[in-house]
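Peer 1: kindly return the folded structure for what I paste below:
(one chain, ligands or ions: 1)
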Amino acid sequence: MNKYLVLDEWNIIEKGFKPEHHEASESIFSLGNGRMGQRANFEEAYSGPSLQGNYVAGIYYPDKTKVGWWKNGYPEYFAKVLNSTNWIGINISIDNEELDLYKCKVSRFSRILHMKEGFLEREFVAELKNGKKIKVNSKRFLSIVDTEVGAIRYSITPINFDGNISIAPYIDGDVKNQDSNYDEKFWTEVGKKIYKSKACLNVKTKKLNFHLCTGIAYEIFQGNKKVETKAKIIEKDKYIGFDFSVNCKRNIETVIYKYAANVSSENYNKDVLTSEAERVLEQALNKSFVNLFEDQKQAWADKWKECDIQIKGDIAAQQGIRFNIFQLNQTYTGEDKRLNIGPKGFTGEKYGGGTYWDTEAFCLPFYLSTAESHVAKNLLLYRYKQLDKAIENAEKLGFTNGAALFPMVTMNGEECHNEWEITFEEIHRNGAIAYAIYNYVNYTDDKEYLPKYGLEVLIAIARFWSQRITYSQDKNMYVMLGVTGPNEYENNVNNNWYTNTIACWSMEYAIKITDFVKNNYSEDYKRLTKKINFDDELEISKWKEIINNMYFPYDEKAGVFLQQEGYLDKEQILIKDIDKSNLPLNQNWSWDRILRSCFIKQADVLQGIYFFEERYNLETIIKNFDFYESRTVHESSLSSCVHSIIASKIGNSKKAHELYVRTSRLDLDDYNDEVAEGCHITSMAGTWLAIVEGFGGMRVKNGELHFKPLIPKQWDSYSFNISFRGFLLNIEVLKKQVIVTNNSSKFIEINFFGSNYKILSGKSIFVNH
Ligand code: BGC
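Peer 2: Below you'll find the predicted structure:
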């Protein structure tokens, strides 16, 4: 835990410069616009510890797998999100001494992430060793309107001298990934073009041949006057710099505007990349920083109108949720079907930028309720398009007959992670992909999705489960052996309750949707059964046989579902009884000790109870919650949000609030001492869920919205917006009353605490609670 940020409703603020916080801040203050993103690295040189990160969505590197002992079936590569061309760099020196905050005296430092307007600002006074003092203010953003454009306004004001300052804006493609397996650089140069105050650098990846062209242009102003400069050009492999000096006056601001254009072979032919970068750059220059910035502020204001959540009476909670919503919107916009949501988004290298089950299990509902419906649909289609590869994945492991195993980590449908207990054993991810189809159709009522795409995926997944589950003579039941459940602090376990549950549910759902498509879309059904050679009677009877005879570990005495067979053989210690200096366990204990202990990394049984709550009565949910919450260390970011939702469900608002704060401020307060590696973007959607589904109690049942709000005692009120089947609603929960406003053009009926209410267009209703 590391609390050093100032509480504020709309901004993330760091005051005073402490190098030991720098890498954490580089993650937290990251910027993104769905197409590209970057860590909050400094523009000027910095020789202290730092993780450089500029990322372009969709560009990755298949780094050759590195393992101790190669085994058949291991993925060939681990994909890496690529640290790519740095376009923010502006070196500053005075009398041959470089401005470097690690080396000089820094005062009045502040770093602010302006979430309302979508930009990063930094200000400081630096005193160099030679006694020269300057004040610097920088503003930077990645445009969410012109998504190939980034812009910087960097101003320098001498405080105690008049004289020359040398300024060197540059573009640097000679960058590395910190996580490179063989300490290799992944980029080579294709070419460069240099003009008077403009340059383009074209680079390509050594494998897969992604091309990226980055153009930069700069302008210098003193007051309203443009300053003409004569720059020395510095040319190196994958590098272009401009170096010039400007005569500066005490207390007078010299402003450098730096514009960048990033275009890639993902969107253009390789041979036109340089001209496209020039075009985008030219447009940005013509628009100018001021207008680009105005557009940015307006576009963010529009976004916030759709998805803001307001919490009154608790600034920490308010700042937490806005930070989460801001980062989610910076990461994924849903405009490009080829993209997905990496667990760290654009904020770090960890997890390689790949797609995990996080998308389906956690992120989908956020986009369903806060964005247009094609956004969530694109997330589903992403997996549909990878179905062939998922079938290949399963074949590599020995499965047949069109069984599909979607990857645990992927860029293009291939499995690209190489930790066996995750890659091979966390097969529960297949269930989350089926569950997402259910969730999407239940929310949107887009039934057409099922005959066109959904059923094909569901059958392939059901085929996988029916082969992966085996029959135990000893138990005279079906069992699933050798899996890792969501709780990664247990590997290779038998009969993980969650995996068994979601596997059987996936088969049940596949049966239901098979019937639905057969009865309602017979032509599509015929086409599909022929395409995938589906013998419905035979295959479904096998699925039913398994569903009816599946083994689910359960402990009568405690009245809880057992995370896996044998879980109670472990020494049962509660978290409250261990010394806090042991936490986080993953940084203090050996892996061996973690595996042997009863401590749970993240929601596992409770993840299943969350998905399928309708099946369990309140008493069962309470027993399981109490049992597992007291053993869960929440060392996965995906954990506390689920526990918080269940705590709300059982009416434990104190615990729900505590867990909500943990999930929403996980990165801001660095609960698990790891934010320096990047922010937990996918779990941020879980934070949103903790409010909307947790405190708000929102569910969609039989095509109708249901709410059962409660309010934590620390809050005066909270409110959120929901877009649902063409309706726009605002739900405001006060201490004793809920106000629902229908901001759509038609009336809607919704259910509050079990009773139905009709709300006319443009009207509000008031419900006491
Ligand atoms: C969690 C996984 C998750 C991954 C990426 C891990 O720490 O245990 O469930 O998919 O992080 O977020």
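
Peer 1: and Lys580, how many neighbours does it have?
Peer 2: Residues lying near Lys580 (other Cβ atoms under 10 Å) number 7. From N, CA and C alone the C-beta is placed, and that goes for glycine too.

Peer 1: same deal with the one 5 residues further on?
Peer 2: When counting by other Cβ under 10 Å, one arrives at 19 neighbours for Leu585.

Peer 1: test my guess that it contacts Ile600.
Peer 2: No. With contact defined as Cβ atoms under 8 Å, Leu585 does not count as touching Ile600 (10.2 Å).

Peer 1: now do the contacts for the nearest residue to Arg39 once chain neighbours are set aside.
Peer 2: Nearest non-adjacent residue to Arg39, counting by Cβ to Cβ, 6 or more residues apart in numbering: Gly53, 3.8 Å away. Gly53 makes contact with 26, 30, 38-39, 41, 83, 346-349, according to Cβ atoms under 8 Å, 6 or more residues apart in numbering.

Peer 1: now do the shared contacts for Leu585 and Ile600.
Peer 2: 489, 633.

Peer 1: quick check: phi and psi at Asp308.
Peer 2: Backbone torsions of Asp308, given as degrees, to the nearest 10, read phi -70, psi 150.

Peer 1: what parts of the stretch 601-750 of the chain come near the ligand?
Peer 2: 602, 636, 638, 682 (Cβ under 6 Å from any ligand atom).

Peer 1: just the pLDDT for the first one.
Peer 2: In this case it means Gln602. Predicted confidence (pLDDT) for Gln602: 97.

Peer 1: which residue of the protein lies farthest from its centroid?
Peer 2: Asp162 (47.1 Å; Cα atoms, centre = their mean).

Peer 1: show me what contacts that one?
Peer 2: Per Cβ under 8 Å, 6+ apart, neighbours of Asp162: 247-250.

Peer 1: closest to the ligand among the residues you listed?
Peer 2: Distance to the ligand across those (Cβ to the nearest ligand atom) is lowest for Cys248, with 47.2 Å.

Peer 1: I'd say Leu405 and Asn393 touch.
Peer 2: Yes. If you go by Cβ under 8 Å, Leu405 and Asn393 touch, sitting 4.9 Å apart.

Peer 1: contacting residues around whichever residue of the chain sits closest to the ligand?
Peer 2: Closest approach between the chain and the ligand, counting by Cβ to the nearest ligand atom: Pro343, at 3.5 Å. By Cβ under 8 Å, 6+ apart, the contact list for Pro343 reads 350-351, 356, 358, 637, 680-683.

Peer 1: just send the residues you listed back as JSON lines, with pLDDT too.
Peer 2: Listed next are these as JSON lines, based on pLDDT from 0 to 100:
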{"residue": "Lys350", "pLDDT": "93"}
{"residue": "Tyr351", "pLDDT": "91"}
{"residue": "Tyr356", "pLDDT": "97"}
{"residue": "Asp358", "pLDDT": "98"}
{"residue": "Ser637", "pLDDT": "95"}
{"residue": "His680", "pLDDT": "97"}
{"residue": "Ile681", "pLDDT": "97"}
{"residue": "Thr682", "pLDDT": "96"}
{"residue": "Ser683", "pLDDT": "96"}
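
Peer 1: can you put the residues you listed in CSV and add distance to Glu228 and neighbour count?
Peer 2: Below are these laid out as CSV (distance: Cβ to Cβ, whole Å; neighbours: other Cβ atoms under 10 Å):
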residue, distance to Glu228, neighbour count
Lys350, 45, 19
Tyr351, 47, 24
Tyr356, 51, 26
Asp358, 51, 25
Ser637, 51, 26
His680, 47, 30
Ile681, 43, 29
Thr682, 48, 27
Ser683, 50, 26
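
Peer 1: redo those residues as a markdown table? Include secondary structure.
Peer 2: Below are the contacts of Pro343 laid out as a markdown table (DSSP: H, G, I helix; E, B strand; the rest coil):
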| residue | secondary structure |
| --- | --- |
| Lys350 | helix |
| Tyr351 | helix |
| Tyr356 | coil |
| Asp358 | helix |
| Ser637 | coil |
| His680 | coil |
| Ile681 | helix |
| Thr682 | helix |
| Ser683 | helix |
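
Peer 1: any chance you could map the helices in the stretch 601-750 of the chain?
Peer 2: 605-611, 618-629, 640-649, 653-664, 681-689 (DSSP state H, counting those that start in this stretch).

Peer 1: the fourth one to helix 618-629, inter-axis angle?
Peer 2: The one in question is helix 653-664. For helix 653-664 against helix 618-629, the angle by axes from the mean of the first three to the mean of the last three Cα atoms, to 10 degrees is 50 degrees.

Peer 1: could you look up the SS state of Lys129?
Peer 2: coil.
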